[in-house]
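**Q** Turn this into a structure:
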Amino acid sequence: MRLQTRRKFCSCGGTIVHHRERISHVTIYTETGPIAVEHLECRCKKCSRGYYYGYATDTVEDQEDPNARKQYKFYEEDCLESQFLITTRKTGFSIKFLYEMSLDILFLYASFSGMSKKYVALHLGDYSDEELSKAKTMSERVEICEKRLSCGWFTFSLIEIKQRFRIAGPICCNIDTALMEYHLQIRDGFYRVWSKHTCGKSGCGWVLVVDGGMKAQRKICGAVKSGARVFEHSNTTLITGCTRHPGDFKYCRDHKNEDTPAVSSTKLHPENKARLRSAKEKGRHYNVQDFTDSVYIIEEILGTRHTKKGTEYHIKWEEYAETTWEPLKNIPRSIREYYEDTGDGKLPTPRVKESIKQGSTVQYNLVWSNDGDLPEWDASRHVALETEALANNREKRACNTRKDRDKRQNRHTCGIFIGCWPCGVCLLFEELYGSESISQVYAIILEFFATLDVKEREKLRYLLYDDMCHLAPYAKNITSKHETELTKYFGDMKMAVDFLHFKNHVGKNCKKFYNPNQYDELKPVNSVVCEQQFRCTNHHTNVKAMNESRFQHFWLYVIDMHNHHSVGDLRHAVNPTSPFRMELILKAAMAEKAAATAATAA
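**A** Modelled structure (predicted):
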C-alpha cells in the first residue's frame, strides 16, 4: 500500500509532484494489527513545501529567537476523516484505533504502558521472537512501545480538540512544544464551551462547586525557589519552583548543576538531617510551600568556623528553628560568594532568567547567579500574602479545615483543582502547586471568572467549597485592598460550605455565614459532585510520570470526554469516524457566531 497527499496544487499556486523518488517505510498500527506501507514525499515545484499523507510541512520562525526556525506540520482539515493519521516519519495509526485508545483511557483508566503491552500480546502472536528482534532494527518497527503510542495519541487528541474548539494553526513537530503552545487556547475554549452548559439538574448553570484533588499529581524538579507564578487579576504571586519533570533525578537538566537555595537531603550529614526531621515533627506549623524532607532550603548564613575538615557555615534553614553547621561543598557557590563579598547572610535577590506569559498569568523562571545582565526579581509589586489577608480579618474562625500540609517524601505538584456544575459537567481545571492554599485557590477561581462573559458570570449565584470559612473572608479582604470589577464580583457572591464537609465546621462564624442549610434552593443540589469526579480521576495513576505539557493536556482532554459522556453525545462529538461529528462542529460554530452578532447589535 502507498500513501501520498491528495492535493495537486500548493497554497502558493505551484504544482505538487512526487519528489525524487523519495519513499519512506511507515508502520501503521491499526485495531487489527500493524501493517507496513510506503509513504511518498511530494514537493511544490514553486516553493518546495513538503506534502505528505494528510499534512504538509514547513519551517516557521521562532517568535522567541528570530535566528531559530522550527519545523511545523500543517494538518489538513479533513485529516481525521481519512483512514490513517501519520504522526512521525516512520509511524502512523488508524483513526479508529486512536479513538479506541481514548475510550480505554476514559472508561478503563488505561495507561500507555498497559495499552502497548496489550497490543503486543494481542496482535503479534504470528511473529516469532527472532522476527520481532529483527523488526526493531528494520524499517517496519513492528513491536510498538509506550513512547510511540503516547506520542501518537497526544498528536491525535491535539488535532481532534483543536477542530472542535475551532483553533487554527500548525502543530510543531515536537509534540511537547505543540501541547504547550496550544494549552492556553484549549483551556479557554474548554471554559467557553462548558460554562454555557445548562440542563434540568438542580443547580446546573447557577451553582459552582469547586474542590482540589490531591492524588492526581506529577513529579517536578527539586529547585523549590527557582520559579514564581503571578496571577494578574488577583495581584497574587505563588512560588511554584521549577515545574519541569526531572526524569529519574531530583533536579531537571537546567537545575542539575545550577546554584539554588534548595539543598538535596542526600548532601546533609545523617545527624543533621535527623535533628531537622525531629524538630519538624515536634512543630505544629507547616508552611503552605512545605515540600518535606527531600529538599532543605537555605534561609540565612549565620556565620562561619574553621575546623580540621575545612570551613563550615552556620545555616538557618527555612521553616526550621534548628540550625546546623554545613561543609563548604553543601553551600551553593553564588550564595557563598555573596556572603563573603557583602557579609550579609540573607539570600541574594534572584534574577529573572525567563518570563512566559500565559493569558493573565506570568510564569517567571528565576536564577540565583550574579549575572548583572539579568533583571532582578521584584516580588513586592505582585505579592498579596495570604497570611496578611487572614491576619487583618477580625473574624475568629475555629474550623480546623486548612489543607496546607504536604506529607509526601518527594517533590510533586499538589494535585488538580476543578469546578463542576451539580450535573457532573466540569468547567474549571487548573494544576495546584505546593498545597491547596487559600491564596492559590482564590487566584485560580478569579482567573476563571475573568475568562467568562459578563452574562455567564451573572448567571452564577452560589459558590460552594469545603473550606469556604477561610476562602470567603480572604476574598473580602482582597476586595478591600485591591478592588476591581472581578474582585468585587467574587467578594459579593453567595458562598457556602458544601453539605458533605459542613459537619466538620464548628466555628460560630462558619455556622452563621457559610451554612448551606440556610438556603432552601441549595438543598436538592448535588454538592459532592467534585468528590464524585475525583473517584474517577484518582484511577489515572500514569499521570505521575508526565511532564507539564502532557499532564495539563491529558486532563483537559479526558475531562472534556467525560463531559460529553455526561451529556450523552460522546459517540458523535468526539468520534472522528462518526458522520455527525462535523455537523455538530458546524452547528456550534454557527451558534457562537449568531451569539456574537447579537451581542454586537445589542
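
**Q** Identify the residues contacting the nearest residue to His412 once chain neighbours are set aside.
**A** With C-beta to C-beta, 6 or more residues apart in numbering as the criterion, His412 has its nearest non-adjacent residue at 4.5 Å, and that residue is Gln217. Placement of C-beta: from N, CA and C, glycine included. Listed by C-beta atoms under 8 Å, 6 or more residues apart in numbering, the contact partners of Gln217 are 412-416, 543-544.

**Q** Same question for Ser11.
**A** For Ser11, the contacting residues are Arg49, taking C-beta under 8 Å, 6+ apart as the criterion.

**Q** if I've got this straight, it is in a helix?
**A** No. Secondary structure assignment (DSSP: H, G, I helix; E, B strand; the rest coil) places Ser11 in coil, not in a helix.

**Q** surely Asn365 meets Val352?
**A** Yes. Under the criterion of C-beta atoms under 8 Å, Asn365 lies in contact with Val352, with a separation of 7.3 Å.

**Q** Of the two, which one has the most company?
**A** The neighbour count for Asn365 versus Val352, taken as other C-beta atoms under 10 Å, is higher for Asn365 (20 against 15).

**Q** who touches the more buried one in this structure?
**A** Residues near Asn365 by C-beta under 8 Å, 6+ apart: 226-227, 242, 352-356.

**Q** partner residues bridging it?
**A** With DSSP bridges as the criterion, Asn365 is bridged to Gly227, Glu354.

**Q** And it, how close does it get to Thr243?
**A** The span separating Asn365 from Thr243 equals 9 Å under the rule C-beta to C-beta, to the nearest Å.

**Q** what do those two both touch?
**A** A shared contact of Asn365 and Thr243, defined by C-beta under 8 Å, 6+ apart, is any residue touching both; here these are Gly227.

**Q** how far away is Ser116 from Asp248?
**A** Taking C-beta to C-beta as the criterion, Ser116 is separated from Asp248 by 20 Å.

**Q** Looking at those two, which is more packed in?
**A** Of the pair Ser116 and Asp248, Ser116 is the one with more neighbours under other C-beta under 10 Å, namely 19 against 5.

**Q** From the chain's centroid, how far away is the host helix or strand of that one?
**A** Here Ser116, judged by DSSP states H and E, is contained in helix 112-123. Distance of helix 112-123 from the chain centroid (C-alpha atoms, centre = their mean, to the nearest Å) equals 27 Å.

**Q** circling back to that earlier point, using neighbour counts, trim the contacts of Asn365 to the buried set.
**A** Of the members of the contacts of Asn365, the ones counted as buried by neighbours, 16 or more other C-beta atoms under 10 Å, are 226-227, 242, 353.

**Q** Could you work out the most separated pair of the residues you listed?
**A** Cys242 and Lys353 (10.8 Å; C-beta to C-beta).

**Q** any idea how far Leu208 is from the nearest residue to Ile478 once chain neighbours are set aside?
**A** The shortest distance from Ile478 to any non-neighbouring residue, by C-beta to C-beta, 6+ apart, is to Thr487 (5.6 Å). Thr487 sits 17 Å away from Leu208 when distances are taken as C-beta to C-beta.

**Q** what does Thr597 give?
**A** In terms of C-beta to C-beta, Thr597 sits 28 Å off from Leu208.

**Q** Look at those two and report which has more neighbours.
**A** Neighbour tally, Thr597 and Leu208, criterion other C-beta under 10 Å: the higher count belongs to Leu208, 24 against 10.

**Q** quick check, that one in a strand?
**A** Yes. Counting by three-state DSSP, Leu208 is located in a strand.

**Q** Verify the stated contact: it with Leu460.
**A** Yes. Counting by C-beta under 8 Å, Leu208 does reach Leu460; the two are 5.8 Å apart.

**Q** Find residues that contact each of these two.
**A** Where contact means C-beta under 8 Å, 6+ apart, no residue is in contact with each of Leu208 and Leu460.

**Q** Please, where are all the strands along the stretch 151-300 of the chain?
**A** Taking DSSP state E, counting those that start in this stretch as the criterion, the stretch 151-300 of the chain contains strands spanning 171-172, 207-213, 227-231, 236-239, 262-264, 295-307.

**Q** By mean pLDDT, flag the weakest helix or strand of the chain.
**A** Scoring the helices and strands of the chain by mean pLDDT, DSSP states H and E places helix 386-391 at the bottom, with a mean of 38.

**Q** Past it, which element shows up next along the chain?
**A** In the C-terminal direction, the helix or strand that comes right after helix 386-391 (DSSP H and E) is strand 415-420.

**Q** ok, and what's touching that following strand?
**A** Among residues not part of strand 415-420, those counted as contacts by C-beta under 8 Å, 6+ apart are 208-217, 426-432, 436, 441, 444-445, 448, 529-530, 533, 537, 555, 559.

**Q** Disregarding residues adjacent in the polypeptide, which is nearest to Ser94?
**A** Take Ser94 and drop its neighbours on the chain: the residue closest to it by C-beta to C-beta, 6+ apart is Thr30, 4.0 Å away.

**Q** Check what pLDDT that neighbour gets.
**A** Here, the pLDDT recorded for Thr30 equals 95.

**Q** Quick one: neighbours of it, just the number.
**A** 17.

**Q** which residues sit in contact with it?
**A** If you count contacts by C-beta under 8 Å, 6+ apart, Thr30 has them with 93-94, 96-97.

**Q** Farthest-apart pair in those, please.
**A** For the contacts of Thr30, with distances taken as C-beta to C-beta, the pair at the greatest spread is Phe93 and Lys96 (9.1 Å).

**Q** between those two, which one's more packed in?
**A** Set Phe93 next to Lys96 and count neighbours by other C-beta under 10 Å: Phe93 wins out with 26 against 16.

**Q** May I have the beta-bridge partners of the more buried one?
**A** In this structure, Phe93 bridges to Tyr29, Leu85 when assessed by DSSP bridges.

**Q** Show me the shaky parts of the stretch 1-150 of the chain.
**A** Counting by pLDDT under 70, the ranges of the stretch 1-150 of the chain that qualify are 63-67, 136-141.

**Q** That one: strands as residue ranges?
**A** Applying DSSP E, counting those that start in this stretch to the stretch 1-150 of the chain gives strands spanning 2-3, 16-30, 33-44, 50-52, 55-61, 69-75, 84-88, 91-94.

**Q** how about the second one as PDB, C-alpha atoms only?
**A** Provided in PDB are the C-alpha atoms of strand 16-30 (Å, rounded to 0.1, in the frame of the first residue of the first chain):
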ATOM      1  CA  ILE A  16       2.700  19.300  -6.300                       C
ATOM      2  CA  VAL A  17       4.800  16.400  -7.600                       C
ATOM      3  CA  HIS A  18       6.500  13.300  -6.200                       C
ATOM      4  CA  HIS A  19       9.900  14.500  -5.000                       C
ATOM      5  CA  ARG A  20      12.900  12.500  -6.500                       C
ATOM      6  CA  GLU A  21      11.500   9.000  -5.700                       C
ATOM      7  CA  ARG A  22      11.700   9.700  -2.000                       C
ATOM      8  CA  ILE A  23       9.700   6.900  -0.300                       C
ATOM      9  CA  SER A  24       9.800   6.200   3.500                       C
ATOM     10  CA  HIS A  25       8.600   2.900   5.000                       C
ATOM     11  CA  VAL A  26       5.900   3.500   7.700                       C
ATOM     12  CA  THR A  27       4.400   1.100  10.200                       C
ATOM     13  CA  ILE A  28       0.700   1.800  10.700                       C
ATOM     14  CA  TYR A  29      -0.800   0.500  14.000                       C
ATOM     15  CA  THR A  30      -4.400  -0.500  13.500                       C
END
